[in-house]
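Trainee: Okay, predicted coordinates and the sequence, questions at the end:
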Amino acid sequence: MGTSYSTLKSPPYLLEETPPITATTTTTAAAATKEPKKLALIPLVFLIYFEVAGGPYGEEQAVGAAGPLLAILGFLIFPFIWSIPEALVTAELATTFPGNGGFVIWAHQAFGPFWGSLMGSWKFLCGVINIASYPVLCVDYLKLIFPIFSSGLPRFSAVLFSTLGLSFLNYTGLTIVGYTAVCLGIISLSPFLVLALISIPKIKPIRWLNLGGKNVKKDWTLFFNTLFWNLNFWDSASALAGEVHQPQKTFPKALFSAGILVCLGYLIPLMAATGGIPLEQEDWVDGYFADIAEIIAGKWLKVWVEIGAVLSTIGLFEAQLSSCAYQLLGMADLGFVPRFFGLRSKWFNTPWVGILISTVFALAVSYMDFSDIISSANFLYSLGMLLEFASFLWLRRKLPAAKRPYKVPMRLPGLIIMCLVPSCFLVFVMAIATKTVFVVSGLFTVVGILWFFLMNFCKSRMWIGFNNVGERVRDGDLDLHY
């Protein structure tokens with residue numbers, strides 16, 4: 001396997017000026033290896049879409065927990081108090097520090113290497129736990145058609161080979177993954193567009209005002225966790241910002257476009273389904289959209305929705321694995337992990353070591369009983385987002401003169417209020433966690449802290465090679481690179 005190191009003349013989050021084009025440089029460029037193609041706008045939109053949503057699969061529990069009206073209001077209002085602040089923070093910081101690693105760079109620049117490393121540990125563990133769940137979900141759908149995959153060696157093999165196969169697709173290149181995400185997104189959303197069109201004559205708007213069955217107790221924990229789970233991870237694509245074509249222009253457009261796609265992808269099917277059939281609240285669990293499709297249109301649409309669910313899971317896997325792999329590449333560039341973590345394939349220019357490590361971690365988790373581990377991933381994600389909001393605010397104060405290609409149009413007091421509302425929700429999500437989740441999350445955090453000191457010890461002994469480009473910039477430094 002051909003490999004190359006991700007070599008840098010300057011920190012990865014700073015852009016170098018392009019030298020003037022002359023006959024000499026043109027000849028040299030022609031002789032040199034062709035620069036890998038960067039990720040364009042449309043593929044980035046769908047990668048962000050799969051990082052955040054992947055379709056309305058999973059939103060059914062909001063109706064089961066609180067009824068149609070509150071579910072619709074939740075998916076209308078929650079983006080404004082959670083998704084939009086997170087997306088705005090991502091747009092500003094990803095364009096100010098357009099390098100692989102994203103949130104790791106932001107925490108490092110704001111508070112120093114310890115917090116940058118810990119942010120990386122939290123986000124990476126959260127990411128690989130999520131990756132582990134997707135092949136398992138694929139096999140769970142397959143066993144409905146092929147019962148042989150329910151248990152034993154067939155199930156073990158199906159999870160193993162689906163994980164390896166999907167990881168290999170990631171290895172073939174981010175551009176391929178991006179356009180695959182476009183195709184998967186269109187195909188997985190199309191049955192819901194058909195569902196919405198067929199349901200129009202059957203919709204009774206009065207059903208949207210239903211607060212739920214009188215004998216069904218509202219499950220607020222499930223309701224808020226469903227909203228949180230279906231509308232987060234807007235920052236994940238920042239981990240591969242260094243692979244995006246003109247990230248200063250592309251990222252804000254991609255986040256805005258993905259935001260519209262996510263909201264419509266949730267609201268249209270939800271309103272079609274809740275308005276098109278009478279409410280049987282206890283039926284609204286994961287996978288119920290397939291049953292609704294059969295009720296409204298027939299068996300053929302149910303099968304289409306189920307196929308879309310499998311394809312959506314593949315898109316979720318590819319998007320999350322890309323973020324984890326390029327996060328490790330960025331951490332290698334910053335010197336938080338050994339240099340060999342940044343090895344790229346000479347064939348595809350992909351971070352094959354990052355992909356391999358992420359895949360191994362995901363496989364290890366996928367064979368565990370990971371219900372508590374999944375909950376711990378939400379807890380770690382919440383910790384990371386609190387640090388991310390703090391980094392955003394501190395960098396605004398610390399680097400007021402830095403060039404920001406996209407800047408949230410608020411002064412610091414307004415930004416504090418913008419970040420305070422979602423931060424309160426993050427604290428709420430953490431507060432309702434079980435004792436087991438607290439313990440598991442605490443252990444993961446201790447591992448992240450120990451990892452930082454272990455890497456520093458290895459650096460001091462020079463046992464392993466590390467990059468040494470993790471300098472923090474001063475106010476005004478970024479102006480020189482735009």
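Mentor: Everything's here; your move.
Trainee: I'd guessed residue 205 sits against residue 274; true?
Mentor: No - counting by CB atoms under 8 Å, residue 205 stays clear of residue 274, with 10.1 Å between them. In this view, the C-beta of every residue, glycine as well, is placed from N, C-alpha and C.
Trainee: who has more neighbours, the two?
Mentor: The neighbour comparison of residue 205 against residue 274 (other CB atoms under 10 Å) goes to residue 274, with 25 against 8.
Trainee: got a list of what the closest residue in space to that one that isn't next to it in sequence touches?
Mentor: In this structure, residue 274 finds its nearest non-sequential neighbour in residue 68, 3.9 Å apart by CB to CB, 6 or more residues apart in numbering. Residues in contact with residue 68, defined by CB atoms under 8 Å, 6 or more residues apart in numbering, are 207, 208, 209, 210, 212, 274, 279.
Trainee: Equivalent analysis for residue 80, please.
Mentor: Going by CB under 8 Å, 6+ apart, the list of residues near residue 80 is empty.
Trainee: Would you mind listing the buried residues in the helix or strand hosting residue 374?
Mentor: Element membership of residue 374 [criterion: DSSP states H and E] is helix 371-398. Neighbour-count burial for helix 371-398, counted by 16 or more other CB atoms under 10 Å, picks out 372-393, 395-396, 398.
Trainee: What is the burial count for the closest residue to residue 212 other than its chain neighbours?
Mentor: By the measure of CB to CB, 6+ apart, the closest residue to residue 212 outside its immediate chain neighbours is residue 67, 2.8 Å from it. Close neighbours of residue 67, defined as other CB under 10 Å, add up to 22.
Trainee: Could you do the one 5 residues further on as well?
Mentor: By the criterion of other CB under 10 Å, residue 72 has 21 neighbours.
Trainee: and if you look at residue 153?
Mentor: Around residue 153 there are 8 other residues, counting by other CB under 10 Å.
Trainee: wait, is it part of a helix?
Mentor: Yes - secondary structure assignment (DSSP: H, G, I helix; E, B strand; the rest coil) places residue 153 inside a helix.
Trainee: Quick one: residues contacting it.
Mentor: So residue 153 contacts nothing (CB under 8 Å, 6+ apart).
Trainee: Equivalent analysis for residue 224, please.
Mentor: The neighbourhood of residue 224, defined by CB under 8 Å, 6+ apart, consists of 425, 428, 429.
Trainee: Remind me which helix or strand it belongs to.
Mentor: Assigning secondary structure by DSSP H and E places residue 224 in helix 220-230.
Trainee: and residue 100, backbone torsions?
Mentor: Phi and psi for residue 100, reported as degrees, to the nearest 10, are phi -60, psi 140.
Trainee: Tell me, what's the model's pLDDT at the residue nearest to residue 274?
Mentor: At residue 68, the predicted lDDT confidence score is 95.
Trainee: Residue 179 now?
Mentor: According to the predicted model, the pLDDT of residue 179 comes to 96.
Trainee: got any ranges where the chain has weak pLDDT?
Mentor: Residues of the chain that meet the criterion pLDDT under 70 lie in 1-36, 369-372, 469-482.
Trainee: Leaving out sequence neighbours, find the closest residue to residue 279.
Mentor: The spatially closest residue to residue 279, leaving aside those adjacent along the chain, is residue 210, at 5.4 Å (CB to CB, 6+ apart).
Trainee: Surely that neighbour touches residue 67?
Mentor: Yes - taking contacts as CB under 8 Å, residue 210 lies within contact range of residue 67: 5.6 Å.
Trainee: what touches both of these two?
Mentor: Residues touching both residue 210 and residue 67 (CB under 8 Å, 6+ apart): residue 279.
Trainee: By neighbours, which of the contacts of residue 224 wins?
Mentor: residue 429 (21 neighbours).
Trainee: Report the contact partners of it.
Mentor: Here residue 429 is in contact with 224, 225, 228, 378, 379, 382 (criterion: CB under 8 Å, 6+ apart).
Trainee: want to throw these into a markdown table with distance to residue 237?
Mentor: Listed next are the contacts of residue 429 as a markdown table, based on distance: CB to CB, whole Å:
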| residue | distance to residue 237 |
| --- | --- |
| 224 | 24 |
| 225 | 23 |
| 228 | 19 |
| 378 | 19 |
| 379 | 22 |
| 382 | 19 |
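Trainee: among the residues you listed, which two are most distant?
Mentor: Taking CB to CB as the measure, these span a maximum distance of 14.1 Å, between 224 and 379.
Trainee: before we move on, back to that, what distance do you get for the residue nearest to residue 279 to residue 277?
Mentor: Here residue 210 is placed at a distance of 12 Å from residue 277 (CB to CB, to the nearest Å).
Trainee: do the same with residue 297
Mentor: For residue 297, the distance to residue 277 under the criterion CB to CB works out to 11 Å.
Trainee: Pull the number of nearby residues for residue 464.
Mentor: Neighbour count of residue 464, defined by other CB under 10 Å: 12.
Trainee: residues contacting residue 129?
Mentor: By CB under 8 Å, 6+ apart, the contact set of residue 129 is 362, 365, 370, 373, 374, 376, 377.
Trainee: repeat that for 7 Å
Mentor: Listed by CB atoms under 7 Å, 6 or more residues apart in numbering, the contact set of residue 129 reads 365, 370, 373, 374, 377.
Trainee: Pretty sure it sits in a helix.
Mentor: Yes - membership of residue 129 in a helix is supported by three-state DSSP.
Trainee: Do a quick rundown of the strands in this protein.
Mentor: When secondary structure is read from DSSP state E, the chain shows strands at 3-4, 344-345.
Trainee: can you pull the buried residues of stretch 203-214?
Mentor: So stretch 203-214, judged by 16+ other CB under 10 Å, has buried residues 203, 207, 208, 210, 212.
Trainee: want to try CSV for the residues you listed, with distance to residue 304 as columns?
Mentor: Formatted as CSV, the buried residues of stretch 203-214 follow (distance: CB to CB, whole Å):
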residue, distance to residue 304
203, 20
207, 24
208, 25
210, 27
212, 29
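Trainee: Among those, which one lies nearest to residue 417?
Mentor: Distance to residue 417 across the buried residues of stretch 203-214 (CB to CB) is lowest for residue 208, with 31.1 Å.
Trainee: wait, the closest one sits on residue 73?
Mentor: No - the criterion here is CB atoms under 7 Å, and residue 208 misses it with residue 73 at 9.7 Å.
Trainee: residues in contact with the nearest residue to residue 257 once chain neighbours are set aside?
Mentor: Nearest-residue entry for residue 257: residue 45, 4.7 Å, with adjacent residues in sequence omitted and distances by CB to CB, 6+ apart. Each residue near residue 45 by CB under 7 Å, 6+ apart is listed here: 254, 257, 258, 261.
Trainee: Just among these, which is most surrounded?
Mentor: Note: the member of the contacts of residue 45 with the most neighbours is residue 254, at 27 neighbours, neighbours being other CB under 10 Å.
Trainee: buried set for the longest helix along the chain?
Mentor: Among the elements of type helix in the chain, defined by DSSP state H, the one spanning the most residues is helix 299-334. Of all the residues in helix 299-334, those buried under the rule 16+ other CB under 10 Å are 301-302, 304-306, 308-334.
Trainee: which other helices and strands contact it?
Mentor: If contacts are counted by 3 or more CB pairs under 7 Å, 6 or more residues apart in numbering; DSSP states H and E, helix 299-334 sits against helix 41-52, helix 103-111, helix 113-145, helix 152-171, helix 174-199, helix 288-296, helix 352-366.
Trainee: tell me the most buried of those?
Mentor: helix 103-111 (a mean of 28; mean count of other CB atoms under 10 Å).
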